Structure formats: C-alpha cells, structure tokens
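*Asks:* Everything below, folded, please.
(chains A, B, C and D, ligands or ions: 4)
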Amino acid sequence: MTPSSSIAAPGAAPGHEAHHDEHGDHPSYLVDGTTVKSWLLTVDHKRIGIMYMFWVLLFFLVGGIFALMIRLELLTPGPTIMDAMTYNRTFTLHGVVMIFLFMIPAIPAIFGNFMLPLMLGAKDVAFPRLNLLSLYVYLAGAGFALWGMLNGGLDTGWTFYTPYSAHTTTTVAPVLFGAFIIGFSSILTGMNFIVTAHTMRAPGITWFKMPLFVWALYATSCIQVLATPVIGLLLLLVSAENLFNLGMFDVARGGDPVLFQHLFWFYSHPAVYIMVLPAFGVMSEVVSTFSRKNIFGYRAVAYSSVGIAFVGFFAWGHHMFVSGQSTFDAGIFGALSMLVGVFTAIKVFNWVGTVYKGAVEFTTPFAYFCGFLFFTVFGGMTGIAVATVSLDVAWHDTYFVVAHFHFIMVGATIMAFLAALHYWFPKMFGKTYHEGWGLVSAALIILGFNATFIPQFLLGNAGMPRRYYEYPERFQALNVASTAGASLLAFGFVIIALYLTWALIYGKRVDNPWGSKGYEWLTASPPPTHNFVGPQPTYPEEPHFYVDPKKAEVSDAV
Amino acid sequence: MQEHHGAGRYVAIWLILSVLTVVTVLTGRMHLPSFGLLLALVIASVKGTLVALYFMHLSEHRGANRLVFGVSIFFVVLLISFVLMDFGTRFRLANPPGSQYSDLQAVDIGANKAEGRFGGNTHEKQDHEKHE
Amino acid sequence: MQSSHSASAPGGAKLAAHFASLDVQKHAARLGMWLFLATEILLFAGLFACYAAYRFLFPEAWAASSRSLDLLMGSINTIVLITSSFTAAMAVHYAKEGKNKLVGHMFFLTLLMAGAFLVIKYFEYKHKFHIGTLPGRYYFYDGIQVPGAPMFFTVYFASTALHAFHVIIGMTVLAIIMVRAYRKGDFGPNNYTAVELGSMYWHLVDLVWIFLFPMLYLV
Amino acid sequence: MSDLANKLLFLPERASTFADRIDFLHYFVVGTTMVASAGVGLAALFMFFRYRRRVENQTTEYVVPNLKTEFLFVSVPLVFFLAWFAIGFRDFTWFTTPPKDSMDVYVMGKQWMWKFSYPEGPNGVNVLHVPANRPVRLLITSRDVIHSFFVPSFRIKMDALPGRYTQAWFEATKPGTYQVLCTEYCGLSHSKMLAEVVVMAPEDYDTWIKEQRRGRLQDRQDALADNSLVPGTARMAEQGQKLAGTQGCLKCHSVDGSQHIGPTFLGMYDRMEHLQDGQNIRVDEAYITQSMMDPGAHIVAGYQNVMPTYQGKLQGPESAAIVEYIKSLRTANVREGASEGPAYDPIQ
Ligand code: HEA
Ligand code: HEA
Ligand code: CUA
Ligand SMILES: [Cu+2]
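*Replies:* Ligands and ions are numbered 1, 2, ... in the order given. Down below sits the predicted model:
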C-alpha cells in the first residue's frame, strides 16, 4: 500500500479496507476477537487506548459533575445547595479527578497510545504488556481514590498542603495512595513512549521526520518519568504523616511546610506541561491537516516541546511567591518562568504561520483549533502575568489564578482533546459524525467557556479568593455570569456525547475523510490488529507534505 | 555490541569500592569541621560513578542511556540546590525556630522538656520578643 | 492477535513480533530499565532534598544524631552491600558465558548478603526503638538535646525504610532469576537480558546506599 | 484614566503605596495579553478567510520560515517578558524589604480568625487599626495551619506559617475600612476568616492607641468591630453555649471551674487529662467529640461512667458548635497573643 493510494479519495465512500472485517482475512482491531476477554487482556495498543478512552471520559463526567456542583453552590453568596464541608470536598475532588484521573492520562493514554505506533510505523509500543499493566494500575489507583472519596472524601484542595492535610479528619490516605498508584501508571506510559520513539521508528523515519505529535508525546513522557516519582514519595510522606505522625513536615519539631510546597510543585509545575504538551502536539497535526500545509518551522516546534519540558522543571517556585519563600528564589523562578512563555510563543506563531498560504477547510477540529489558539495565548499570557512576581502578590490564590489555569487546561487542553476526538474519530472507528452538530457544539463550548471563565478573571481582580464557600455579596453578579456560562458549556458537552455515540453506531463509513497526509493515515481506518497489512509502507519525505509534486518548487521565505 | 570482559575487572572495582568505604569511614571518624560532609559526598560520588559505569555497564551502553542517567542526576541536584537556596536566603524568622538560620528558639514552637521533644532545651522563653 | 511472542532466535532469546531485531529489543529493554532506574533515583531525590534541607538548618542536631548511630554496623552493612553488588555483577558475567549454575550461585550469594544486610538493619532499628531515637513525636531520647534531632530520625527512618523496601523487592526479583538459572538454565551469550536488568536494579539499591551511608552515619 | 481602567478590570479601590506601584504594570500586562490574544486570534481568522480551501485535495506551497522570522518569534515575546519580570521583581523586592522606620504589628491567623497585637498592646481580634501614610510591617504567623493575609485594596498578601514569622509591609494612603480575607485554604470556615483594616488619620491613630494602652477603653474595640465580621467560630461558640444548656451538659459540667458530676468545661480544651486507666490524653476536638458520642471510651480519673451518649441526639454541626463552645472556655495556660512570639499548638 503506497501513501498515495491511501489518501486518494478523501471523504469518499468506504474504501476497500473498511470491508476487511467482513471477509476477515485482515480484520480491523475492533473486531479481531469479540469476547470480553479479548478486550480485557489485550496487549494491542489500540484496544488499550480505547479502553482508556472509556474510563477517562467517565472520570471527565464525574469531574464535570463536581464542577457543576461548585458553580451551583457559588450562585449565591451564602449556602446554596450544600454545606461548607461538602463544598470543600467537592472542589478537592473536582481538582483531583480532573487532574489525576482525567487530564494527565487524557491525551497521552488515549490518543498517544493509539497513534504513536501508527505514526512511527511500528506494530505496537515497545512494551505491550506494560502498557496493559498501566491501564490496570490506573484503574486500581482510581479505585482507591474513589473509595476514599465515597468514604468520607477529602477536603484539602488538590494541593494537599501540610499541615492541614496532616491533621484533617477526612480520609486523606486512601486518596493520596490512589494518586500515588496512578503515578505509576503515568510513569509506565511515559517509559513506554520514550523507548518506543527510540527503538521502534520504521526505516526512514528519522528523529526529524517524526510527526510533531510524537515529539510532543516524547517531551511529555520525559516529564512523566522524571517528575512523577517525586510526588509519589511526597504523597507517601504525607500519608505517613497523617496516619502515623511520621513528622517530616511537623512544624512543632522543626519541620517546614514550605519544603512540602517545594516538593509538591517540583512535580506539579512540570505536570501542567504533561497536560498541555500533548495538546500542542495534537494541534500541530490538526492545523497541518486542515490547512493542508507542512508545519511552518517544524524543527522550531519540535525543539520547543523539548525546551518546554526542560525549562518547565525550573519554574516551580512561581507557585510560592508569597509562601515565605525567599525573595532571591522568587526572582530566579520568576525569571525562569518567562522562558517557558517564549517556547510556547514559538509554537503559537508557527501554527499561525502554518495557516498562512494554506488551504483551510473549516471543520469541527479546525473550529476547536481556533478556540484553542485564542485560549492558549490568553491563558498562557495570564500565566506570564501571574509569574510577574509583584503582580502575583495580589493575584495569588484568587479567582484570577483559577481563571488562568482553566483557560489553559480547559481552553487549551480540552479544546485539543475535543479536536483530537473529532479528528481521529474516523481513524479509530472508521466512521464519521455529523459535521453540523460538531460545529454547533464547538460554538456552544467556546462561547460557554468564555462566559464561564472571563468573569473569573474579573473576580480575581476584584479580590475574590479561591476555595471560598461563601463570599461577600459584591462578587455575586460575576459569579452568576460564570455559572450561566458553565451551564452552556455543560450543554455543549452533552450534545457532543449524544452525536458521537450516535456516530459510533450509525455513522457513515469513511477511511480518510480529511485527506490527511499524516503518517497514521497511511494505514486503513480502523487499522488492522498489527497496524499494517503486508510489508511496511514506505514513508514519504515528511508527514503532512501537501506540495504538488509537479511543481515542487520550494519557497524558502515568508 | 557489548564487549565481554574478564572477571578481574569486577574484582578490581570491588576492591576499590571497599577501600573507598574504609577511607570514608576513617575520614568520617575524624569529624572534619567544615568539609567533612563534602569529602564524604565526593567519595560517595566516586563510588557511585564506579558502580554505574562498570557494574551497571553504563560505560558500554548507548548514549541514550547515559543521557537518561545524567539527566536524572542533574534534576536531583537541581531540586536540592534550589531548595537550599531558599532556606539560606529567606527572611530569617521564616525558617524553623531553633535552626541555625532562625533567631527564634525552639521553645517558641512549643518544644519543652516535659514533652520530651527536643529534650531539655535550656533556653527558656526569653527575650526573643524583640526581634531586631 | 495477542501474539507478542512468536519468532525464536538462536541462542534461546525470543524476539517479540513488534521489534525489528534482537539487538533493538535488547536496546529497548535496557533503555526501559534505565528510565525505570531514573524514576527510582528521583524517588529518592525527594528524601535527599528533605535531608539536605534539614541538615542545612540543623547541623548540630545532625552531627550529634549521626554519632548516635552505630558506625560499625553501618560500615559492615556498606561492605556487605558492595560485595553483594559485586556478586550480582559476576552473575551477569557468567550469564554471558552461559554458565547458568554459576549465575545461580552468584545470585544466591547476593541474596544471602541482602539477608544479612536486613538482619543488621533490624538490630539497628531495635536498638533505636529501645533508646528512643525515633521519628518526630515518638522521640524520647535524653542523650541528644538539640532542636532538630527528631527530624534527623524522621529522615533516617524514612530513607532507610524506603531503601529496605527496595532491598526486599530486589531480593524477590533476584530470587526469581536465580530459580530460572537453576531450573531452566537458558541464559547464554544472546540471552542474558533478564540477568542484566535484575542485577542493574540491585546495583541501584547499592548505589542509593552508597549515598545514604555517609549522609546518615558520617555527617 | 486609570480609574476607568480600574473599573473595567474590576480592581478594588487603590489604597496603598504598593497598589500605586503595581497597578500600572497590571494594565500593561493585561493589556498586552488582550492585544496579543486578539491579534493571534484575528490573524488566524483572517488567514482562514484569505486562504480558504478552494478545491478538494488542493496542494499548497512549501513554506518554511527563515532565520529572521524565527528570531522575531523568539525575541519579541522575550523582550516583553523580561521587561515585565524586571519591573515586577523590582517592585517585589521593594515589597519584601520593609523600611527601617516601619511600625510593627503582630498578626496571628488561627482557625478561623485573625488576631492583631501591637508590641506594647493592645491585642484585638479581626480589626486592625493602622495609621495612614506610615509604613506598617506585619509579622505574620499562625497558630495551626497555613493561612494567608490578603487585603485587596492594598494588593498585598502573605502566607501565615505556623510556628514562624513571615513579613509584609504596606503604607496605607487614605483613611477608611478595608477588608482582609484569608486566601490559603485552612479548613471548614476558610471563607469566613474575614477581618478588616481600619486606616485612621495619623493623629487619630495616636490618640486611639494611647487610649488603648491606658486600658480604659477596652470595649471600644468591640464597638468598632463590625458585627457581620465576627468570625464563624464566635457564632458557633454562642450556639454551642445554648446547646450545652438545652442538651443538659451543664447539669453535670460547670463552666466556672468547680467540680460537679463531670469535669468542668473551664480550661478543659487542650489540657492533659489523666484517665482512669493511667493514661494521659490531651483534650482536643476529636476527644471532646468522642466523649459526647462514646463517653465510656475514656473515663477521666475520679469520675463515674455516668455520662449518657449523645450519639444520634446531636447533629454534626451541633456537636461542632459545642466543641467550639468548650474551646472558647479555655484558660490562659496557652500563651495568647502574637507579641509573645510564635506559639504553635500542633493540632494533634
Ligand atoms: C495545563 C496547565 C497549565 C499550563 C500550560 C500553565 C502554563 C503557565 N502557567 Fe500556570 N497554572 C496551572 C496550570 C497551567 N499553567 C494550574 C493548574 C495552576 C494552579 C495550581 C493551583 O494552585 O491549584 C497554575 C498556576 C500558575 C501560577 C501560580 C499562581 C498563583 O497561585 O499565584 C503561575 C505563576 O507564575 C503560573 C504560571 C504559568 C506560566 C508562566 C505558564 C506558561 O507556560 C505559559 C506560556 C504561554 C504563553 C506565554 C502564551 C504564548 C505566548 C505568546 C503567543 C506571546 C505573545 C506575544 C507577545 C508578548 C508580544 N501558573
Ligand atoms: C483538567 C482540569 C479541569 C477541568 C477540565 C475543569 C473544568 C471546570 N472547572 Fe475546575 N478546577 C480544576 C481543574 C479543572 N477544572 C482544578 C485543578 C481546580 C482547583 C481545585 C482546588 O482548589 O484544589 C479547579 C477548581 C475550580 C473552581 C474553583 C473552586 C474554588 O476554588 O472554590 C471552579 C469554580 O468555578 C471550577 C469550575 C470548573 C468548571 C465550570 C469546569 C467546566 O469546564 C467543566 C465542564 C464539564 C462538564 C460540565 C462535564 C460535561 C461532560 C459530559 C456531559 C460528559 C461527556 C461524556 C462523554 C463524551 C461520554 N473549577
Ligand atoms: Cu485561614 Cu483560610
Ligand atoms: Cu506552575
């Protein structure tokens, strides 16, 4: 199968591949074995990705329900639907579920698992069984955490700051232990991806011919491997403190709570790049496909992923400007935080450059790309704003910070997640969804998102602290606006859930509806179990090469 | 891809490691005033390097493996040094009382003889109110 | 579809279907192991950071407390662990030559020394429980009366316990490989990855101890 | 002009020299943010219209940036960012180095109230009086967990760490009353840990503090305190007092120190209680709650096991209120007032 044959007829009716499952010689991974066991014990990266998708979406729903509870509670200044204790548990669980159960595994474990080997022309990831193990480890951790949540919950905020977390009477240990276990799953995935990228590239795919999604995953994986153990240890120490009074951060005996914060953010700041780098990777693929252009400045984008991962490790102290940390450290961390912004800016400008002179088709993934671009710049620049040391004195722990990170986590990462979901839906299931509904819900989500979180920036300016169950009345108007926006947002998600489920069953069969020239589209949709039938396809010069071969003149300028 | 060495090499490394252990114990016993810990850590690093290079065959492995090891050590150093910088330069009273970087006494954080935390810290509650 | 193992290459090594060649497979295994070891190093990094911070703050307490440890037992343990690391390295050496029996013997020696290490550690712990040099609020030792001393023992117990836990894991891994060497005896010049990775793990345990020893006993 | 900007950005009134200093940077950064994001968004939108796909499978030119472009991508943001950092860090250093002549006030955060004390008295709860136009240094500590002292109108914030001091300083520019909020999550009533700063004209302040030190106008403090700002705990203690009466606790427990059927509530909280079985136990929230729910679990030496269980008779908030009430009856065996140095009660 040559590349040209697979992308010959974009959007066309079912290609010959789509019928494989019927005559069964090279069945697609979806139907190759239909027993429950063949799914639960599979080592096929694609099936593992699909199983991850199920669970991750479920946890997104759970986290989203918590979010809506928060928003409802904040509708009025006083108690609205719950008491203070419940509220405190709700935002903690919202944070924990969204971060540890949803956002960190979301793109790498679903789309990374599915696409990485396809993009490298490999039959699987390097350690298929570890890959399966990571799923079960994740579920075990999630089980622990959920059990802890149901049996008392936890009210420390997702940051688990001591000494509060060491003394609260809520069930800290099971949730922390759950998060600790999930950390292993994250490490396993990361190791697997790194080794896969190093050893499993098909002949012809050199480092600088790898799709940018792979670069992004590679950088993400490095962070996962290097940062996760530190929080693992920290979670153990806090559990030990809570259960047995180990005393590592015990103030009465000379311990230092700020040390805890250093260790926490040593992981959690790089972790925000675990959440956003894969999103950047997805968007590099999406923007190439839909503007039918090679990425403008491929190397710059690739290097900047690694650059972000690296300097991301030097910025953790910017969460602690007013925590009693030294002025000197604050200066260093403040300055280093700025560097991350520069690397991100490189990416942003290169994406815009990719659209330049392209041939843009405005589809649902591209709609999300537009939203993403705005949110990333706005969210990222407000990140720079809070990294500006003197300004953070006022903004720290107010709704401004809440708005900043939702802008970048919901605004950037979820937009990318949704774009990936729509972009690769045909790849994963061989079917397509209804474009009209896609655009409607994208519009709803982008609108609802702005309505939810822009008021929160203003709330933060006005001085509303975060994690507030009750608030002074002067903040109510903006809170009502935010809650209204959140309901719009939720509505958008419900529509997506409906039409995608519909498409899963009744969707039109397609092979490569976008005419994409990404490497993953070289094989059939859905791919056969071993990704390729027959000899390995040869890979074109680079992914996303849409130049007319007849007049392959290269203009080396802007 | 990997050469095969005789057992002699491992024996040699083992001997060096043992000797270094004895050396570090001896220098440690001398309680050298300022650079004692430093010396001990240097010796430990030498030992660690030997183990990594020869017992773990890092010297023969591909670049990627060396990079992984190097980067992880680098991040350990990064973590420790930024944290220490913080303690060394922050507002003195924000350090744990009783520590060498704080002007407050340990009793201020509720330590007293009766409760046997630090034992008999003889500094009673005293004139530390006037921080200047 | 679940055929991750298929082709069998000469020398007993199995080539999983998704790898290009045995060489690549070995490289992948090693790289994976190094990455795993990197996570272990960073796991201990957290404790080292706690150690460094508190030692920086309470140098006198550190000096006094470290002198209350039993240097002799600590030194013996260091030598024991280094020697066990040596035998583990020898196991890889013999595995490459296909001398499976010797591989088993070497790992057996390693396990023996690991056991000895734990026994000595046990006596050290017991003594501490007896005299009261315990973490945090459990501290009741009258001998050292400096602020920060309980902190030292918090760090001491946290790090040695975590290390001991790694020793136990390592012992389990080595025991499995040892049994395989004795029973199946299929290690050879082309098939010693398991031995190599197992012993790498063991060396890491040793490596951590090489740092913990001076940090705790020789401040 | 800057008033308009303040309104648009919902910034609160600007009432300290620090606020004057940083607000300009605030407009600059937020303004650039809006311009940059709108710019990037519009550029993408424009290109979408300009470069719409016209035929299916349209091919495109191969465009790569030259070095100059890439250099521009890097340097433009970098210049902005570094400039912000430089200005920001200069102001931050200014904020973390109080002037030599500033007046000290000790601030202690405690679940869930703020205590203020002046080196030579007086002490106060939840209301901080300061003079305008004089630098004031706050030495902030906490008695239990981390809190954070935040005055939006002054744009200042600093965490209160248990068992040690952090510092923050400000110079208020106009008399008035400004809200203080706790911005570090500290448990149940985190959102009710409010207080206020009363900025007085310097002369008024001088007379005020003189009167306070003479100790004559003790209750003046209460008169000044805004009732709506009385912390939740105070209200809870009140409620607890009522409950203790209606639930019959006071039939057996006195509140004046005299022994009755049960031990007195006065000073009960935080004391070491000697138990029948020879053990000692510190009376804390958990123990008090347990005593209500399962009185037989620990019997105080010298008393009978006659206390009925209140399991099922008291709701969670009710028992919490009673606990607060008992806590409010603590005696002076715990050092009070931040001016004595940071005292830390580990919440066991
Ligand atoms: C995906 C998650 C994510 C990402 C990517 C980021 C990205 C960044 N974050 Fe954010 N952050 C969080 C998630 C994230 N953050 C979370 C969860 C918290 C709160 C944690 C908690 O306390 O609960 C937080 C909190 C947080 C704080 C602490 C605030 C406080 O508590 O006081 C700070 C402070 O510096 C900060 C900074 C930054 C910076 C500098 C970036 C940078 O990486 C941003 C870089 C991007 C850009 C700069 C945009 C691109 C730039 C351009 C296009 C250039 C524009 C052109 C010109 C200037 C001409 N973040
Ligand atoms: C990835 C992370 C993530 C995501 C996606 C979100 C999403 C949202 N978050 Fe949250 N949030 C955090 C991470 C995240 N948050 C963190 C870390 C904190 C800090 C916690 C702390 O302080 O400790 C926080 C805190 C936080 C607060 C502050 C609470 C406080 O400080 O008191 C608020 C308040 O408005 C809020 C709101 C929202 C809203 C309205 C959404 C909405 O975007 C949610 C919209 C989603 C839905 C409504 C779900 C709809 C889903 C479906 C219908 C299912 C679809 C199903 C299929 C396709 C099968 N979040
Ligand atoms: Cu005190 Cu929040
Ligand atoms: Cu950060």
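*Asks:* Show me the shaky parts of the chain.
*Replies:* All of this refers to chain A. A:1-25, A:549-558 (pLDDT under 70).
*Asks:* My question was about chain D, not that one.
*Replies:* Residue ranges of chain D with pLDDT under 70: D:1, D:121, D:215-235, D:256-258, D:330-348.
*Asks:* Going along the chain, name the strands of it.
*Replies:* Under the criterion DSSP state E, chain D carries strands at the ranges D:62-63, D:103-110, D:113-117, D:123-125, D:127-131, D:135-142, D:147-151, D:156-160, D:166-171, D:176-182, D:195-200, D:272-274, D:280-282.
*Asks:* Neighbouring strands - and their directions - for the third one?
*Replies:* In other words, strand D:113-117. Sheet pairing for strand D:113-117, assigned by DSSP bridges, gives strand D:103-110 (antiparallel), strand D:123-125 (antiparallel).
*Asks:* Show me which residues of chain B are close to ligand 1?
*Replies:* Residues of chain B lying near ligand 1 by C-beta under 6 Å from any ligand atom: none. Just so you know, the C-beta spots here come from the backbone N, C-alpha and C atoms, and that holds for glycine as well.
*Asks:* Spell out for me which residue occupies the centre of chain B.
*Replies:* Central residue of chain B (C-alpha atoms, centre = their mean): B:L41, 6.6 Å from the mean position.
*Asks:* Return the most buried member of the strands paired with strand D:113-117.
*Replies:* Mean neighbour counts were taken over the strands paired with strand D:113-117 using mean count of other C-beta atoms under 10 Å in any protein chain shown, and the top value, a mean of 22, falls to strand D:103-110.
*Asks:* Let me know the angle separating that one from strand D:135-142.
*Replies:* Here strand D:103-110 runs at an angle of 20 degrees relative to strand D:135-142 (axes from the mean of the first three to the mean of the last three C-alpha atoms, to 10 degrees).
*Asks:* pull the CA atoms of strand D:103-110 into PDB?
*Replies:* As requested, the backbone C-alpha atoms of strand D:103-110 are provided in PDB (Å, rounded to 0.1, in the frame of the first residue of the first chain):
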ATOM      1  CA  MET D 103       5.800  50.200  62.800                       C
ATOM      2  CA  ASP D 104       5.400  46.500  63.800                       C
ATOM      3  CA  VAL D 105       2.200  44.800  64.300                       C
ATOM      4  CA  TYR D 106       2.000  41.100  65.000                       C
ATOM      5  CA  VAL D 107      -0.700  39.200  63.100                       C
ATOM      6  CA  MET D 108      -1.700  35.700  64.100                       C
ATOM      7  CA  GLY D 109      -4.000  33.600  61.900                       C
ATOM      8  CA  LYS D 110      -5.900  30.900  63.700                       C
END
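*Asks:* List the contacts of A:H319.
*Replies:* Going by C-beta atoms under 8 Å, 6 or more residues apart in numbering or on different chains, A:H319 touches A:Q261, A:W265, A:S268, A:H269.
*Asks:* If we use 10 Å, what do you get?
*Replies:* Contacts of A:H319 were listed using C-beta atoms under 10 Å, 6 or more residues apart in numbering or on different chains, and they are A:159, A:261-262, A:264-265, A:268-269, A:325, A:333, A:337, A:386-387, A:392, A:396-397, A:401.
*Asks:* Same check on A:M98?
*Replies:* For A:M98, the residues meeting the contact criterion (C-beta under 10 Å, 6+ apart) are A:59-60, A:62-64, A:66-67, A:104, A:106, A:158, A:275, A:406, A:409-410, A:414.
*Asks:* same thing with B:L20?
*Replies:* Residues near B:L20 by C-beta under 10 Å, 6+ apart: B:I43, B:A44, B:V46, B:K47, B:L50, C:T78, C:I82, C:I210.
*Asks:* Confirm it sits in a helix?
*Replies:* Yes: with DSSP: H, G, I helix; E, B strand; the rest coil as the criterion, B:L20 is part of a helix.
*Asks:* Can you check what pLDDT the model gives it?
*Replies:* Per-residue confidence at B:L20 stands at 91 (pLDDT).
*Asks:* Kindly report the same for C:G170.
*Replies:* Confidence per residue is given as pLDDT, and for C:G170 that number is 94.
*Asks:* which residues does it contact?
*Replies:* By C-beta under 10 Å, 6+ apart, the residues touching C:G170 are C:84, C:88, C:110-111, C:114, C:198-199, C:201-206.
*Asks:* Could you pick out the buried ones from the contacts of B:L20?
*Replies:* With neighbours counted by 16 or more other C-beta atoms under 10 Å in any protein chain shown, the contacts of B:L20 contain buried members at B:I43, B:A44, B:K47, B:L50, C:T78, C:I82, C:I210.
*Asks:* okay if I get the residues you listed as a markdown table plus pLDDT?
*Replies:* Putting the buried ones among the contacts of B:L20 into a markdown table (pLDDT from 0 to 100) gives the following:
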| residue | pLDDT |
| --- | --- |
| B:I43 | 89 |
| B:A44 | 90 |
| B:K47 | 90 |
| B:L50 | 89 |
| C:T78 | 93 |
| C:I82 | 92 |
| C:I210 | 93 |
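*Asks:* Give the burial count for residue 43, as a bare number.
*Replies:* Assuming you mean chain A. Look at A:V43: counted by other C-beta atoms under 10 Å in any protein chain shown, it has 21 neighbours.
*Asks:* sorry, should have said chain D
*Replies:* Residues near D:A43, counting by other C-beta under 10 Å, number 16.
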